[in-house]
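Undergrad: task: produce atomic coordinates for the following.
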Amino acid sequence: MLNISERQKLALLLGAACLCVPGAALAQATAAKAETAAEELVVVGTRILGAKTTGALPVTVLDSERIEATGSVNGDDLFRSIPQAGDVNFQESRTTGNLNDARGDNASINLRSVGTGNTLVLLNGRRMNVTPGTQTENFVPVQTVNTNAIPLGATRQVEILRDGAAAIYGADAVAGVVNLTLDNRYEGLRADARYGFADGTDEFTLSAKGGLKTKSGGRLVVFGSYTRRTPLFASERAFSASEDHRAGLVGTPWENDTAFDNRSTASPWGSFTTIPVTTVRQGSTALTTSGVFNIQPVANTAAGCSSTPINTNLCVRSGTITGTTSRVLRYDENPDRTARGGLHRLNFFASFTQDLGAVELFSELGYYRAQLTGQREQSAPISSAPISVPASNYYNPFGPTTFGTAANPNRLANLTGVPTTGLPLRITTYRPVDTGPRTFTVSDDSIRSLMGLRGQFGGFKWDSAISYSWARTKDETRNAISNTLFQNALALSTPDAYNPFNGGNQTNFSIGDATPNSQATIRSFLVNVARVSETSLLTGDFRISNPRLFSLPGGNVGMAAGVEFRRETYSDDRDKRLDGSITYRDSVTGIIYGTDVMGASPAPDVSAGRNVASAYLELAVPVVSEDMNIPLVRSLDLQLASRDEYYSDFGNVLRSKVAGIWEVLKGVSVRGAWSQSFRAPNLAQFYSAGTQVSNTRTDWAACRLNNTACTGLGTLEERAGNQRLKPEYSQNLSAGLIFQPVRSITFTADYWQLKSNGVIGLQGAQNQILFDLLLRQQGSSNPNVVRLAPIAGQVVGDLQFVKDDYFNLGPRTLSGYDLMMSVDLPKTPLGRFNIDLAASRLNKLFQSPSDVQAALLAANAAGQLGTGINIPLAGDQVRLNGNPRWRYSANINWRSGPVSANILVNYVSPVSDTGTALVDGQFWEIASYTTVNAFVQYRTADSWGALKDTRFRVGARNLFDQAPPLASNNFGFLGGLHDPIGRFIYLQIGKDF
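TA: Here you go, the predicted structure:
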């Protein structure tokens, strides 16, 4: 049963107030079965209705047929097909973050690879609310409009402005603006059903759209859709069945690169450190190295044992499970994971307009609900909340000599260095996989409601509206582990204690646990954990426009102006076991930690809001017209715009824009624009308190100076918001050519450049550690890298945590080219053809280094840091990870009578995987990726009786079953660019009534 809160009721009532139409009106409607196309829909980039300067702006328009060509029912697949789109960071193949990630039915948009949050998304010309979840990008939390919440079946067209537009629309319009125009003119009734499947998963969608015009001059359009899909497990795909992808590298210089083996050192084959650190011997044989030992299967003869066998299968070996011989003991997490979760999604949208004499009332009401269920491996203890095994643990091999009066059956014989009362141990690496995997359910709800009036006085058109949008995400994890309850089970001195020393699977060391603890013991420490996040957006505006304000020799000057207000809020309510309300106190050390959930870092709740007030002015100025007969200047039109925004938390921002289009000859035009844009720090970046995260980093300072092996270690990082952050300021420059030799052929070529200053980011924990190495070589140290005191001959002590707060980085420069050609061939004996070709080249993406990064780059170039060092977050990023140099798309549509067909080809060029080893100065190249979507459709004629006007379609996405190219990620592919689904075949039937 859906629980409707007061705020949801408010939003529903606001929209419903203007959607009330007498029920009898539906019966009176005519079955027009048509969409009226009397109005010009391309409005993005200007707010002057009818302005000639629209052509001055590089705009991509996707109509309903182009949308259908993707074969998708969600916004993610639609926007991935656009060449100007960058990588998608809000997606399910991410395995890091868990509760801290924006999981669920979420997808982001990232035009130009500028970064998530730098593209403004509008619905019918007004700003959309962002999804409540945050995702880390360059280690800082970013937010996005959820493109999967867009009702695609109700979308008439999508307009994409590929240029900065903050001078008109305000914050976030840095890389461009996306405006989704929903169909508010439809009359009739249409229903569609679609079933599709790929290997291991299927999907069903049912949708309907209805529209009517009332006798009183009102228009009501209603759309609804429901989608159900089954989960896709990682084990269903060869490339993701295991985290060890090295088999795909045989014969290449990277075949021994362990970056492609993502199996976890935290496995059932645990390693432990004595408390205090001491050398334990069995007879004359040392069982620990710096206090560390691990549990080995006797069958792993390559590693060998340090102790006599615990039983016929297990023994103790000194040190942790590192090195080639112990690599087989790493845990393969992918068999426990879904690559894509099971989903139920509901989309509803309604619009209503009503003539009220000289004024028209308009309103919208939208509702989105999605529930995604997925699965992840069980967590392991992390450095932000280590787990100690009390000496009293019944199975502790270094436990007490007796339990009461009975001899301890599990203490190893002939020990020295262990008191009779036993030694407590700290878990160094261990994963309690006998609990089974964790499952999670993410429920997303959002509501958008709008009510407004528009009209005309004199030569001015005006409109004013108030809107309220609200979104809520509830992320629930089942089968999580309470640190406190887990340690309680470890502390028991009876056989029902939890046993972390019994190893895993003797048949396949990397999979599962064949010696599980009892279910009663396991149930004693399992808990459910939830996180609830909300965002809201309240807007009010008043706009006027006049395409004929006054006249110049070149024509009429157009004007648009407006004032806007918005209230943004964000809240993040973590589970009490995460936000510090319920803490974990280590019973051995007495240290209190802020998280009581195994594998999850502590994070305080956040509640924040801001007010934004703004005003803008836009002018369309015709300088030269055709009537003036100036050679080589058929026409020249300028756009001038400026906008001022005031933020209640950081102050004022003024941005301006100048754009123009020069028609040299008929069919030949040159356009250009200069503009200023900005992205405001989001509320999470501005107001989040310090959070702790644990990531795998290499402690180069310790390993190089202590002369030990350099391997990845779980590293605690403390990150915090910063209320001294400034906006990211940008300048956009674009220039292009439009060539239309005949009406049916259009070619455009555009160059663009974006320079940003103050990009919000972090130094990065790895850079902080490298800087610590550099400073220690110079006789000092990095105060942001906090270490324990050196022990046992160490020069540098073990890493305790890294402090790393958000700040404004140095300049960033991007540039590139867009090439497009559209061909609409006249009717031929073979039918009618439409061809759209588009290509986008990312020419430059250079992040200027911070002072710390600059020092590291110089030192690395001089060889001071040693070999194999990569300095992340600085330098040229083109062709690295999610930044391919080229993206192409080709869409070919054919129609002949009742039959139509479409082919859509998408290409993404190669990128380098910076997570891999450098071989001759090169990273592993992730190959190019080409997919083909296609469909054939037949529409019945009137002679089919009850089946007249019925559409039968068969189609496929990724027709040739192209597997994603190999990457060093957990799933073996780069989810921001590539798709794991493979060939997806669908059958669709639709009917107009």
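Undergrad: tell me the contacts of residue 769?
TA: 697, 698, 699, 700, 701, 715, 782, 785, 799, 802 (Cβ atoms under 8 Å, 6 or more residues apart in numbering). C-beta coordinates here come from the backbone N, C-alpha and C atoms, glycine included.
Undergrad: any chance of these in CSV, plus pLDDT?
TA: Listed next are those as CSV, based on pLDDT from 0 to 100:
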residue, pLDDT
697, 84
698, 88
699, 90
700, 88
701, 88
715, 80
782, 93
785, 92
799, 87
802, 89
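Undergrad: please report phi then psi for residue 137.
TA: Backbone dihedrals for residue 137, given as degrees, to the nearest 10, come out at phi -140, psi 120.
Undergrad: look at it and report its pLDDT.
TA: Looking at residue 137, its pLDDT reads 80.
Undergrad: same thing with residue 992?
TA: At residue 992, pLDDT is 89.
Undergrad: check residue 287 too.
TA: Reported pLDDT for residue 287: 95.
Undergrad: and it, how many neighbours?
TA: 27 (other Cβ atoms under 10 Å).
Undergrad: residue 316 is in contact with that one, correct?
TA: Yes - Residue 287 is within contact range of residue 316, at 5.3 Å (criterion: Cβ atoms under 8 Å).
Undergrad: mind listing the shared neighbours of these two?
TA: Joint contacts of residue 287 and residue 316 (Cβ under 8 Å, 6+ apart) are 293, 306, 307, 412.
Undergrad: residues near the last one, how many?
TA: Using other Cβ under 10 Å as the criterion, residue 412 is surrounded by 20 other residues.
Undergrad: show me where the stretch 751-900 of the chain has its helices.
TA: 765-777, 851-861 (DSSP state H, counting those that start in this stretch).
Undergrad: ok, of the shared contacts of residue 287 and residue 316, which one's closest to residue 770?
TA: Using Cβ to Cβ, residue 293 comes nearest to residue 770 of the shared contacts of residue 287 and residue 316, at 30.8 Å.
Undergrad: before we move on, back to that, from the contacts of residue 769, which two are the most distant?
TA: 698 and 782 (15.2 Å).
Undergrad: neighbour count: those two, which is higher?
TA: The neighbour comparison of residue 698 against residue 782 (other Cβ under 10 Å) goes to residue 782, with 22 against 18.
Undergrad: how about the more buried one: what's its closest non-neighbour residue?
TA: residue 772 (3.9 Å; Cβ to Cβ, 6 or more residues apart in numbering).
Undergrad: just give me the longest strand of this protein.
TA: Using DSSP state E, we find that the single longest strand of the chain is strand 526-552.
Undergrad: which strands and helices sit next to the helix or strand that that strand is followed by?
TA: Sequence order places strand 555-573 as the next helix or strand after strand 526-552, per DSSP states H and E. With contacts taken as 3 or more Cβ pairs under 8 Å, 6 or more residues apart in numbering; DSSP states H and E, strand 555-573 sits against strand 526-552, strand 606-624, helix 683-687.
Undergrad: which among those is found nearest to residue 193?
TA: strand 526-552 (33.2 Å).
Undergrad: state the distance from the residue of the chain most remote from its centre to residue 242.
TA: The centre of the chain is farthest from one residue, residue 405, which by Cα atoms, centre = their mean lies 58.6 Å away. From residue 405 over to residue 242 the distance is 49 Å, taken as Cβ to Cβ, to the nearest Å.
Undergrad: swap in residue 927?
TA: 20 Å.
Undergrad: more neighbours, those two?
TA: Just comparing residue 927 and residue 242: by other Cβ under 10 Å the higher neighbour count belongs to residue 242, 21 against 15.
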